[in-house]
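1. sharing a model prediction with you, sequence too.
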Amino acid sequence: MHRYSVLFKYFLLLGMQGVFFTSCIFLFPLHPFDRDKHPAPPDYSKAESWASLPDKKDNADLTIPNTTVVDKQDEAKVDVFFIHPTTYRLGAKWNGSMTNKKVNKRTDNLPVRYQASVFNGSCKVYVPRYRQASLVTYIDKKGNGPEVFDFAYQDVKQAFLYYINNYNNGRPFIIASHSQGTDHAYRLINEFIKKDSALYKRFVVAYLMGRPIKKETITVIEQCKSAEQIGCFNIYNAVPWGGDLLFRQDEGILLCNNPLTWKADTTYASAELNKGGLPLNYKNIDVGIADAKISPKGLLWVHRPKKTNKEYMYIQSESFHNIEYSLFYMNIRENVKQRIDAYFSDKNR
């Protein structure tokens, strides 16, 4: 497929997160990664290098009146280290700048609010900014991708180590992510969360949404198989019922958890099990918004919600990638508490 056609479809997939077409001219990196003048490195000792910190007023503090969505970070006994998805869409550089105000605003208003906030009922929320890979890296055919993603990962790794050494204070923690964030999260887990490590003893669980993961992707911990299992990871990629990934490239059978049961089997889960989704206005909770079933290829099949794109962020004919947290917001929120309770009940911890 022509490069621009593929990119157009990818922008459609992720358009709700802030891509707006104001011109027929796209901005691509026009030179190889090794000739790029890279943005200035982060300083994670500074609050501005974080999209969310527990003692900072930010969009992860979301509270919805007359619901159980209440920010309880002040009393939380567990942390979450959340790695946000791609919010650097268009640009002449392969990796985004930490000081790009438009990108930072997009990060704050979308993934921080609609994804990271799901943890604020049970966790102190930490979301680092990082020099993320440009969206076009996913379709680059000239071999720049590995270096671009590794460059971004080094920021995520530095942020995690700063968090562990300066913020964590020996507390249990969760790792969570979406989309590009998941590409970095599984590397982080493979590098630091080995079962014989000191960090593993404090590791509660991982939620790694929105990227294809096979059995061999994560080698140090296993996929979760139940709602209370700890020391494991959860994953799903949501698509319209009967559909496939927008850019499947022979990924084989993917790992998947059903967020309505947290099991990894193909049993259908009705919308009656859905505790509630988070709409765009973030003023209420929509109980029973969606059902779910794991497909034979390891995708999460979901019947189309009876909501519009103005109420939920998705492209009707393509994917539910944009709302993989929003559709199951309350189920994730409830499950975080379940896993934490199980962690503190585990006598081996």
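-> Great, that's in hand. Residues are numbered from 1 along each chain as shown.
2. how about the helices in the stretch 151-300 of the chain?
-> Along the stretch 151-300 of the chain, counting by DSSP state H, counting those that start in this stretch, helices occupy 180-192, 198-202.
3. name the residues of stretch 70-82 that are buried.
-> Asp71, Gln73, Ala76, Val78, Asp79, Val80, Phe81, Phe82 (16 or more other Cβ atoms under 10 Å). Where C-beta positions appear, they are placed from N, C-alpha and C, glycine not excepted.
4. also stretch 141-158?
-> Within stretch 141-158, the residues scored as buried using 16+ other Cβ under 10 Å are Asn144, Gly145, Glu147, Val148, Phe149, Phe151, Ala152, Tyr153, Asp155, Val156, Lys157, Gln158.
5. need phi/psi at the fifth one.
-> Meaning Phe149. The phi/psi pair for Phe149 (degrees, to the nearest 10) reads phi -70, psi -40.
6. that one contacts Ala133, doesn't it?
-> Yes - contact criterion Cβ atoms under 8 Å: Phe149 and Ala133 qualify, at 5.2 Å.
7. hey, what's the residue nearest the centre of the chain bridged with?
-> Most central in the chain under Cα atoms, centre = their mean is His178, positioned 1.6 Å from the mean C-alpha point. Residues in a beta bridge with His178, per DSSP bridges, are Met209.
8. what ranges do the strands span in this protein?
-> Ranges of strands in the chain, per DSSP state E, are 50-52, 78-83, 123-128, 173-178, 203-209, 233-234, 238-240, 293-294, 300-302.
9. tell me, how many residues neighbour Ile289?
-> Ile289: 25 surrounding residues under other Cβ atoms under 10 Å.
10. so it sits against Asn274, correct?
-> Yes - judged on Cβ under 8 Å, Ile289 makes contact with Asn274 at a distance of 5.6 Å.
11. need the residues touching each of the two.
-> Common neighbours of Ile289 and Asn274, counting by Cβ atoms under 8 Å, 6 or more residues apart in numbering, are Leu327.
12. pLDDT below threshold where in the protein?
-> Applying pLDDT under 70 to the chain flags the ranges 1-27, 30, 247-251, 315-317, 347-349.
13. ok, 50 please
-> Filtered on pLDDT under 50, the chain yields the residue ranges 1-8, 12, 14-26.
14. from Ala40, how far off is Asn109?
-> Counting by Cβ to Cβ, to the nearest Å, the gap from Asn109 to Ala40 is 23 Å.
15. out of those two, which sits in the busier spot?
-> Between Asn109 and Ala40, counted using other Cβ under 10 Å, Asn109 has the larger neighbour count: 14 against 9.
16. hmm, that one is touching Asn59, no?
-> Yes - using Cβ under 8 Å, Asn109 is in contact with Asn59, at 6.6 Å.
17. OK, contacts around the residue nearest to Gly181 when sequence neighbours are not counted?
-> Using Cβ to Cβ, 6 or more residues apart in numbering and skipping the chain neighbours, the partner closest in space to Gly181 is Ile83 (3.4 Å). Contact analysis of Ile83 by Cβ under 8 Å, 6+ apart lists 127-128, 130, 156, 175-178, 181-182, 184-185, 188.
18. got CSV for the residues you listed, with distance to Leu246 too?
-> Below are the contacts of Ile83 laid out as CSV (distance: Cβ to Cβ, whole Å):
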residue, distance to Leu246
Val127, 26
Pro128, 27
Tyr130, 24
Val156, 24
Ile175, 25
Ala176, 23
Ser177, 19
His178, 15
Gly181, 18
Thr182, 16
His184, 21
Ala185, 21
Leu188, 25
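19. for those, which one is nearest Asp244?
-> The closest of these to Asp244 turns out to be Thr182 (Cβ to Cβ; 18.5 Å).
20. what's the burial count for the closest one?
-> For Thr182, the neighbour count with other Cβ under 10 Å is 26.
21. count of residues packed around the nearest residue to it once chain neighbours are set aside?
-> Spatially, and ignoring its direct neighbours in sequence, Thr182 is nearest to Arg211 (4.0 Å; Cβ to Cβ, 6+ apart). Using other Cβ under 10 Å, Arg211 has 23 neighbouring residues.
22. please report how far Arg211 lies from Ile218.
-> According to Cβ to Cβ, Arg211 and Ile218 sit 11 Å apart.
23. my read is that the residue nearest to the centre of the chain contacts Met209, right?
-> Yes - if you go by Cβ under 8 Å, His178 and Met209 touch, sitting 4.9 Å apart.
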